[in-house]
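**Q** starting from these lines, generate the structure:
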Amino acid sequence: MARRISARRHGDPRHADTRAKVVKDDYRPSRDEILRYIAENPDRSGKREIAKAFALRGGDRVWLKDMLRDLQDEGLLTKERKRLSRAGAVPHVAVLDIFGRDDDGVLLANPSEYTGAGSPPVIAIRISRSASGPVPGIGDRVLAKTFPTDDPSGPAYTGRVMKIFEKRSDAVLGVFRVLKDGTFRIEPVERRQPELIVDKEFQNGARNGDLVEVEPARASRYGLPRAKVLAVLGSLSSEKAVSMIAIHAQDIPHVFPADVIAEAEAVKPATLDHREDWRDLPLVTIDPADAKDHDDAVFATSDTDEKNPGGVVITVAIADVAAYVRYGTPLDRAALKRGNSVYFPDRVVPMLPERISNDLCSLREGEDRPAIAVRMTLSSEGRKLRHSFHRVMMKSAAKLAYPQAQAAIDGIPDDKTRPILDGVLKPLWDAYAVLKRGRDSRQPLELDLPERKILLKPDGTVDRVIVPERLDAHKLIEEFMIQANVAAAETLEGKKEPLVYRIHDAPSLAKQESLREFLQTLSLSLARGAQMRPSQFNGILERVRGADNEALVNEVVLRSQSQAEYSPKNIGHFGLNLRRYAHFTSPIRRYADLIVHRGLIAALGLGPGGLTQQEADRLEEVAALISATERRAMAAERDTVDRLIAAYLAERINDTFDARISGVTKAGLFVQLPQYGADGFIPVSTLGGDYYIYDETARSLFGERTGKGYQLADRVEVRLVEVAPMAGAMRFEMLTDPKPLPGSRRSFHKAKGRARASQSRVGPRGRRR
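**A** Numbers count the residues shown, from 1 in each chain. Down below sits the predicted model:
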């Protein structure tokens, strides 16, 4: 009996009429056919979809699984989000930079981020003659759908533009400085950016201390390169100057247009229409002491159902932002453009104007506020039995800070917590004990990575850096929010409503193998297997708890993990060990949560403000955008912390510090000051008279002559020798002698062979031998 398999190729109209082929029962596709199918069907390249495309059943599916694993081991395929792709392949939806045209005038682009081997692939940008709106050009950055081509002599892909990002020129940022002799300089704000000279005719009104945008001129053979000032962005004499550098460097929108402010100011408070009245329920908010907006409130009680002994009923109420921010309005477009709020030590760049975020949607104590609430019933073992969503009007019974709530539970209540201790707070902690049993059973990834907080003086400079105590109050709110997020994803999935999932893929096979090799240098093992579980990593972390290499192993395990992101296609959340997960609990500061709220309103018939079909059709594009804005925010926050700490330490040149090696490269060592959470660099040329060899497997640099060296997470003593505050860069000198490394003799011979092959031996003056 014969079977039919589809050979239709998606994304290329030349193959739209390809006929189905008839094959024998014992038909198995060749390696080339499998690779071709995956290249031509990037959105349908999961193992099951490949098996279906080639009509493979039973034992043939086992054969396919082995074949795909072989192709991955050979480096021909990579796996991400349970989908396979050709190694170095461009994602189906990608951010591209247009760099030129071919001889026929077709625009050509490269991926803005490319991690494959060799040069990035070229994408030919196709523009429809019927397209309306702006047309992309050279220098533009665009979001596009990409499709592989069959033409070996032309571009590897074609791209269809979905969105044009704001134009960026070749301009760079810097701080305008007037020297004592009256000449002008541009102080760099990026670590690899050189200092620039500005001639008086190109000053363009800039004053000493201004943050400016400049256009560098072609570098001359002698002296510093020159530049001209294009625009003055603001003065750095203000107390919030440092974060302004990151805001402009990362193109973060920070001023709301007039029509957005006007719409926000015109919004009327929500009424009881389409809502249940929950104002008598004593929901409370528990947030950081300095929080200005409060988007979640909680309540818990024991379950009175005799069939659920020891069970609890948990209620989580979240600000109903969808009541005020409707799809397609100026307010909505501004929120999507920002994607999320950005939190700097000296300011917050909010996703929504203060009229919405700090007023109408903030669950203030004693004031009526609209919310979307989920009520969840859990067994005594922390297993969720059922849940229901409600659109309500609530009134917060108390605004509490984390330490305040924790102190009440610990026996030190104050005037606000004493009246609600027995009826509200103790039941919350009882419910947390139940949730903790469920979490312990689930076994999410448990990394021990303390977070630091910078406290500033009134002038915006650093006062001190602290590591806030991790309280049960923090963990309680975190677990309540996780359960609410799961319930939202389950409801939307059950109603077949489109949504944006929060996904986190398992570590790639390449990262698993790299981690496995590293652990072997410490006599630790990581089992091989296609289906990794967080519990396997937790077992390794538990084995090194309290050991000298605990910090090292935690750091390397963290770096082996994938990055969480947003997607309309679910692959689960590896770190939390959850099959389905979505962000629901912070719509004031994350656009992803607003999408989920709209989906719940539409799916459950909760009134106006639900997800529209037009919005549902754009979820793939929106997910890519908000994933990018999240990465942008993280980079801006990190860079600002680096600049603040560098400025704080600028007057401590030649001081010594305790440090930990946070990165190892051929060029040298990155070190972190645990007290401050900031990083600096030690060039390999300053490490001493030995020739140092980079051992990627052991994450170490060791001397060719002695075999002694330095390894990731080593605790060392360093001296600060140079600081560039505006660039957030610090250079250190190593004071700690190199040490014998675990397995150094074995690593020495292996790495030495690799080093000779790649000529990566670096001498005391940085020259290659």
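
**Q** residues in contact with the spatially most central residue of the chain?
**A** What sits nearest the mean C-alpha location of the chain, by CA atoms, centre = their mean, is residue 631, with 4.7 Å. Counting by CB atoms under 8 Å, 6 or more residues apart in numbering, residue 631 touches residue 563. To be clear about C-beta, it is placed using only N, CA and C from the backbone, and glycine gets the same treatment.

**Q** look up how far residue 340 lies from it.
**A** Taking CB to CB, to the nearest Å as the measure, residue 631 and residue 340 are separated by 10 Å.

**Q** pretty sure residue 331 contacts residue 260?
**A** Yes - using CB atoms under 8 Å, residue 331 makes contact with residue 260 at a distance of 5.6 Å.

**Q** shared neighbours of the two, anything?
**A** The contact sets of residue 331 and residue 260 overlap at residue 353 (CB under 8 Å, 6+ apart).

**Q** so how far is residue 506 from the closest residue in space to residue 643 that isn't next to it in sequence?
**A** Of all residues beyond its chain neighbours, the one nearest residue 643 is residue 728 (4.0 Å), with distances taken as CB to CB, 6 or more residues apart in numbering. For residue 728, the distance to residue 506 (CB to CB) stands at 33 Å.

**Q** same deal with residue 153?
**A** Using CB to CB, residue 153 is found at 38 Å from residue 506.

**Q** ok, now residue 517?
**A** For residue 517, the distance to residue 506 under the criterion CB to CB works out to 18 Å.

**Q** how about residue 575?
**A** Using CB to CB, one obtains 9 Å as the distance from residue 575 to residue 506.

**Q** go on, residue 676?
**A** Remark: distance between residue 676 and residue 506 (CB to CB) = 33 Å.

**Q** following the helix or strand hosting residue 594, which helix or strand shows up next?
**A** Remark: residue 594 resides in helix 591-604, with elements defined by DSSP states H and E. Remark: after helix 591-604, the chain's next helix or strand is helix 613-617, criterion DSSP H and E.

**Q** tell me where the model's unsure across the stretch 1-150 of the chain.
**A** Counting by pLDDT under 70, the stretch 1-150 of the chain has low-confidence residues at 1-26, 40, 42-43, 74-76, 78, 80-88, 114-118, 128-134, 139.

**Q** doesn't residue 693 belong to a strand?
**A** Yes - the secondary structure assignment for residue 693 places it in a strand, going by DSSP: H, G, I helix; E, B strand; the rest coil.

**Q** hang on, isn't it packed against residue 707?
**A** No - taking CB under 8 Å as the definition, residue 693 is not a contact partner of residue 707, at 9.5 Å.

**Q** so which of the two has more stuff around it?
**A** Neighbour tally, residue 693 and residue 707, criterion other CB atoms under 10 Å: the higher count belongs to residue 693, 25 against 18.

**Q** how near is the more buried one to residue 380?
**A** 57 Å.

**Q** for the stretch 201-350 of the chain, what spans make up the strands?
**A** Remark: strands of the stretch 201-350 of the chain, listed N- to C-terminal, are 210-216, 226-235, 276-277, 284-287, 296-302, 312-319, 342-343, 348-349; assignment by DSSP state E, counting those that start in this stretch.

**Q** least reliable of those strands going by mean pLDDT?
**A** Per-segment confidence across the strands of the stretch 201-350 of the chain bottoms out at strand 226-235, which has a mean of 83 in mean pLDDT.
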